[in-house]
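> Below is the sequence, then the predicted model.
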Amino acid sequence: MLIPHPLLGPRDAQEFTYLGDASLLNRPDGMAEGALDAFNRHVYLRDNPAGVHRELWFHEQGDRSWLVVTRNTLTHEILGAELARDVALAQKGGAK
Amino acid sequence: MTRLSGGLIDRSEHLNFTFDGKSYTGHRGDTLASALLANDVRLMGRSFKYHRPRGVVAAGSEEPNALVELRAGARQEPNTRATVAELYDGLVANSQNRVGSLERDFLAVNDLLSPFFAAGFYYKTFMWPKAFWEKLYEPMIRRAAGLGSLSMLPDPDSYDKGFLHCDLLVIGAGAAGLAAALTAARAGAKVILADEDFRLGGRLMAESHTLDDAAAMDWVASLEAEFASLPNLRVMRRTTVFGAFDHGIFGAVERVSDHLATPGTAVRQTLWRITAKRTVLAAGATERHIPFANNDRPGIMLAGAMRAYANRWAVSPAETVAIFTSGDDGHRTALDLAAKGVTIAGVIDTRADAKALGKYPLFAGAVVSDAKGRLGLERIAVTREGQTSWLDVGALGVAGGWNPNVHLASHHRGRPLWDDAAQAFLPEPGAVPGLTAAGAAAGQGTTAAALASGAAVAQAALAELGITASLPALPRAEDAPQRQAAFWHVPGKGRAWVDFQNDVTVKDINLAHLENMRPVEHLKRWTTLGMATDQGKTANVTALAVMAELTGKTIAQTGTTIFRPPYTGVALSTLGHGDTGTHFRPRRLTPTHEWAKAQGAVFVEVGQWMRAQYFPRKGEKTWRETVDREVLATRAGVGLCDVTTLGKVDVQGADAGEFLNRVYANAMASLKVGMVRYGLMLREDGFAYDDGTCARLAEDHYIVTTTTAQAGPVYRHMEFCRQCLWPELDVQLISTTDAWAQISVAGPNARKLLERVVDGFDLSNEAFPFMACSELTVCGGLRARLFRISFSGELAYEIAVPARYGNALMARMIEVGADLGATPYGTEALGVLRIEQGHAAGNELNGQTTAQMLGMGKMVSTKKDAIGAVMSRREGLLAETRVLVGLQPVDPTQPVTAGSHLFAQGAAQKTETDQGWITSACYSPHVGSMIGLGFLTGGAARMGEVITAANPLQNQQIALRVVPTHFVDPEGGRLRD
């Protein structure tokens, strides 16, 4: 597989370490009311879509960027890759 | 039999080889199969199940029968197809899957028992009684299973891997592939042309066709000359593209030295990973058989293969041959062989309206219905309108039509599509993005069509890349229509083979149908059709057609199983591409490695690291003696140990403290500059993850350490926290594990020793107290970092210098500390010191333990949010009472064994009464007995109680006393002095 790194261009998937669902970006606030329930969902519950999936890959043998890669789990087609940092900042900006 | 005329062999070169111990001679250009045929050897193997005598069926990689053990000794390779084994001088081959000689295989008795070995035999027979499975059935099947045998010796050869990139990958160098490569290469595109054969030409080598009225190979030769002049074209002979993977990546095996007796200094094979923007699949086609009774006699082969042997290798399997065909193609074989002087006893054509294309007896509207000659064909039965007559022939060529080699186009789950006009499955367009089939692989079977299609497909593929390619002038070639009847098998009583290698007959398919194993996937598993080393290349489509006939459906409705990589078998050595030993897992050496080696240290692998385990001295008889000395010397004087392998992460930025506050369960932002704090990391699920120290060198600069084993994962986790969770924080990370050599200096003389290497730095307890840290210089200006931390319970420091000075610093400290008792110690003593001190390490931080269990529950701050903090307060985790305790045998001569389970004295020992386990154990020279650490239910309140440690593996029942985890200096006075 080739992952289109937003800074480095297409890179072989072997350079990356896979983590999983990009929903891990949405870490609940540990000091908020109901944090335990929120963390239970965050840690254990995942969607397992047959189709388009947003997931986290770490360019461990490369520039150490965490990426959000959009991949079709049925075809392995990769529809895009973004710096996870940018995605996280955009989400936090949107939440304000 | 003497050789025929012509052929692509070098008759001036004689190559000697042996088969089953007998010596033969062949020529350069031969395969083992062609050379054996030239020596009148028709019997080449035994079938898998019935051990039927078998001869060669094909002339290429699809061969199901002629499998041999190639080479001798450690290089012996089972299941090698004689049809693709390039002959070399000194080649040694042996037949396989036999007990006794190839002619008299004792397991041929299976053939007589065949009524019992029908489809589904394994599933039906080995089901009951249940107890028979392990003792009888499995050993029996294992003995009988498998074809060739392994040498059981290590592979002496080396393998390599490589990466290639191209605009256009052309798979197959027959007419279509050559035309495609020519078109693309002339346009300046970056092209790779790969073919499994050792010569370019593909089917052109096997035919007698002309191109522009000259021999086809003249055109190939002119192309090869042009190819050699094109730097943008890479021609890869002996290279099988075996798999189409994601995003235009193809796997290929180049057999670099398989055509040589030994590889010499070269590698045996290379695994290539080719990334192609576009691909032309010009893999040709495979001929199919027509099953009839006893159609597996040695000497019965595919007609196209018979033609290939005659035209390319100048051999005929017999002086008199017949052809059985359902299309025009079989007649060509008759014509080509007749032209070379072989007697054609007849062409048996299933079509009533067939016409002879030359001078040979034609049996139109007839079939071959039986064959005789157990070890070699003698006679065939020709049946026409119910009348049977016998023909004496030494060989029979069977032409049942051609199946396009669609395999690679299926590797992304694409299903081949049935084409009624071609009477064949064609590749599903677009099934592998960027890949298009051309030539015979796309059903373009004539030479003219193959040439044109190769050029056109290449041109179209390049156009998609924005490269304009003009079509080359292609030579004039044969373009006769290929008439082919749909004729799948000859009905009759005897066994008619569909899959030769796995012994699947028409009857087996019938039985599968009767037993309702009708979907193709069920058919395949019930009969083992297509599951042999050839993956049914010559069998699958015929079997589908037979099933279609039985169910009354069309072939299109019956469907097909799909092909998966690899196209042909790939050796595990090649897939491992030489990554064995230290190439598989590189060794990391500590900065003091050379020094430790000079001291005679014994090393131990810790992950990738080689660490000094202990430093034996003259006269020490056991490792324990050495380790005890190192421990006592450290506690009495000063010990030195390389601790570089602990992970180090440099954390900088205005928000570094806040970042670490969120990463560690305990508070880190409040740490004063110049101080160190123990840190515990949790996973987000609340369990303990890793521990280490955080040293604050400046307001915006921390250095944190991790355990050796988790250095990589913890760094990855910290980057995840930084980039994905809190990108708004001003913080940067870098791993500095390899940049700094770090040496632990522990023991009552540690300060005195360090005073002799630091450059006027005040080490007094007031100026540099317990848990202090600082940057400084040592040994006259060398920059260094000093941390006053202890994992031994002694006065201790860790000193770090740039990695390249580690070796010198260690040597210097041992030298200047000689009178202080400076002693190097290894990982064994390190372990003893930390267990005596009750310090948790990897055994305790195993991913299943919590801060509370480690006795650090109070460290998890409730005043802030940190990774894992919320989940660590789950009800179930808080209810956990198992906690880390020290354990000491009541009888000091008794052992303490890690892994033992803990029980109340006298309690029945079962899962429900289990109260914990021992995590770490060692002999403590300080205590004078073995000691241990372990998790014990309600352990905090059980100090002094005697419990039982059970180790059923060694029949141990040991009485242990529960004690505090600190075996040494429980008040901690030593490390604070």
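Alright, I've got the coordinates.
> How about the residue positioned nearest the centre of chain B, nearest residue that isn't a chain neighbour?
Nearest residue to the geometric centre of chain B (Cα atoms, centre = their mean): residue B:575, 5.2 Å. Leaving aside its sequence neighbours, residue B:575 sits nearest to residue B:271 (Cβ to Cβ, 6 or more residues apart in numbering or on different chains; 6.5 Å). C-beta here means a position set from N, CA and C on the backbone, and glycine is covered the same way.
> Tell me if I'm right that the one you found and residue B:253 touch.
Yes. If you go by Cβ atoms under 8 Å, residue B:271 and residue B:253 touch, sitting 6.1 Å apart.
> The two - which one has more neighbours?
Between residue B:271 and residue B:253, counted using other Cβ atoms under 10 Å in any protein chain shown, residue B:253 has the larger neighbour count: 28 against 22.
> who touches residue B:841 in this structure?
By Cβ atoms under 8 Å, 6 or more residues apart in numbering or on different chains, the contact set of residue B:841 is B:707, B:831, B:834, B:920.
> how about a cut-off of 7 Å?
Shown in contact with residue B:841 (Cβ atoms under 7 Å, 6 or more residues apart in numbering or on different chains): residue B:834.
> how much space between it and residue B:189?
58 Å (Cβ to Cβ, to the nearest Å).
> just residue B:615 next, same as before
From residue B:615 over to residue B:189 (counting by Cβ to Cβ), the distance is 62 Å.
> how far does stretch B:474-493 stretch from start to finish?
50 Å (Cα to Cα, to the nearest Å).
> what about the residue of the stretch 51-200 of chain B found nearest chain A, neighbour count?
Going by Cβ to the nearest Cβ, chain A is nearest to residue B:163 of the stretch 51-200 of chain B, at 8.3 Å. Here the count is done by other Cβ under 10 Å, and residue B:163 has 10 residues near it.
> Now the residue of chain A most remote from its centre: which helix or strand?
Residue distances from the centre of chain A (Cα atoms, centre = their mean) peak at residue A:33, which lies 26.0 Å from the mean C-alpha position. Element membership for residue A:33, per DSSP states H and E: none, as it lies in no helix or strand.
> what's it sitting at in phi/psi?
The phi/psi pair for residue A:33 (degrees, to the nearest 10) reads phi -60, psi 140.
> try the one 4 residues further on
Backbone torsions for residue A:37, taken as degrees, to the nearest 10, come to phi -60, psi -40.
> circling back: in terms of contact, does the residue of the stretch 51-200 of chain B closest to chain A touch residue B:273 like I think?
Yes. Look at residue B:163 against residue B:273 with Cβ atoms under 7 Å: they come within range, at 5.1 Å.
> and after the longest helix seen in chain B, which helix or strand comes next?
What stands out as the longest helix in chain B, according to DSSP state H, is helix B:447-464. Per DSSP H and E, the first helix or strand lying C-terminal to helix B:447-464 is strand B:497-499.
> rewinding a little: give me the buried stretch members for the longest helix of chain B, please.
By 16 or more other Cβ atoms under 10 Å in any protein chain shown, the buried positions in helix B:447-464 come out as B:447-459, B:461-462.
> try stretch A:78-96
Buried-residue list, stretch A:78-96, by 16+ other Cβ under 10 Å: A:78, A:81-85, A:87-88.
> what ranges do the helices span in chain A?
A:35-44, A:84-95.
> What is the neighbour count of whatever residue of chain A ends up closest to chain B?
Across chain A, the shortest distance to chain B (Cβ to the nearest Cβ) belongs to residue A:30, at 3.2 Å. When neighbours are defined as other Cβ under 10 Å, residue A:30 has 20 of them.
> Return the residues of chain A in contact with chain B.
Neighbours of chain B within chain A, by Cβ under 7 Å from any Cβ of the partner chain: A:1-2, A:17, A:24-25, A:27, A:29-31, A:35-36, A:39, A:43, A:56, A:58, A:60, A:64, A:66, A:76, A:84-85, A:88-89, A:92.
> out of the residues you listed, which are buried?
Buried members of these, counted by 16+ other Cβ under 10 Å: A:1, A:24-25, A:27, A:30, A:35, A:39, A:43, A:56, A:58, A:60, A:64, A:66, A:84-85, A:88.
> out of those, who's nearest residue B:608?
residue A:60 (14.7 Å; Cβ to Cβ).
> I figured residue A:87 was touching residue A:68, is that so?
Yes. The pair residue A:87 / residue A:68 is scored as a contact, 4.8 Å apart, by Cβ under 7 Å.
> ok, the residue in the stretch 301-450 of chain B that chain A sits nearest to - contacts?
Proximity of the stretch 301-450 of chain B to chain A (Cβ to the nearest Cβ) peaks at residue B:412, 7.5 Å away. Listed by Cβ under 7 Å, 6+ apart, the contact partners of residue B:412 are B:244, B:431-432.
> Then residue B:968?
Counting by Cβ under 7 Å, 6+ apart, residue B:968 touches B:793, B:836-837, B:926.
> Which secondary structure state is assigned to the closest residue to chain A within the stretch 851-977 of chain B?
Going by Cβ to the nearest Cβ, chain A is nearest to residue B:865 of the stretch 851-977 of chain B, at 3.2 Å. Secondary structure state of residue B:865, per DSSP: H, G, I helix; E, B strand; the rest coil, is coil.
> could the contacts of residue B:412 go into JSON lines alongside neighbour count?
JSON lines is the format used below for the contacts of residue B:412 (neighbours: other Cβ atoms under 10 Å in any protein chain shown):
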{"residue": "B:244", "neighbour count": "28"}
{"residue": "B:431", "neighbour count": "21"}
{"residue": "B:432", "neighbour count": "24"}
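> Where does confidence bottom out across those residues?
For these, the weakest pLDDT value sits at residue B:431, with 93.
> how near is that residue to residue B:283?
In this structure, residue B:431 and residue B:283 are 14 Å apart, going by Cβ to Cβ.
> Any regions of the chain where pLDDT drops low?
Chain wasn't specified; assuming chain A. Scanning chain A for pLDDT under 70 picks out the ranges A:94-96.
> My question was about chain B, not that one.
Using pLDDT under 70, chain B drops low at B:1, B:115-118, B:121-130, B:133, B:140-146.
> And it, split by domain according to the record?
Domains of chain B are assigned by the TED database as B:160-285+B:404-465, B:591-645+B:739-833, B:654-698+B:709-731, B:881-963.
> from the chain's centre, how far out does stretch B:498-513 sit?
Relative to its parent chain, stretch B:498-513 has a centroid offset of 32 Å by Cα atoms, centre = their mean, to the nearest Å.
> I should have written stretch B:851-858 there, sorry.
42 Å.
> buried sites along that stretch?
For stretch B:851-858, by 16+ other Cβ under 10 Å, it's B:851-857.
> CA atoms only for that stretch - export them in CSV, please.
Output of stretch B:851-858 as CSV, limited to C-alpha atoms (Å, rounded to 0.1, in the frame of the first residue of the first chain):
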residue,chain,number,x,y,z
ALA,B,851,-1.2,1.9,39.9
GLN,B,852,-3.1,0.7,42.9
MET,B,853,-1.7,-2.8,42.6
LEU,B,854,1.8,-1.4,42.3
GLY,B,855,1.2,0.5,45.6
MET,B,856,1.1,3.8,43.7
GLY,B,857,-2.6,4.4,43.7
LYS,B,858,-2.2,7.7,45.5
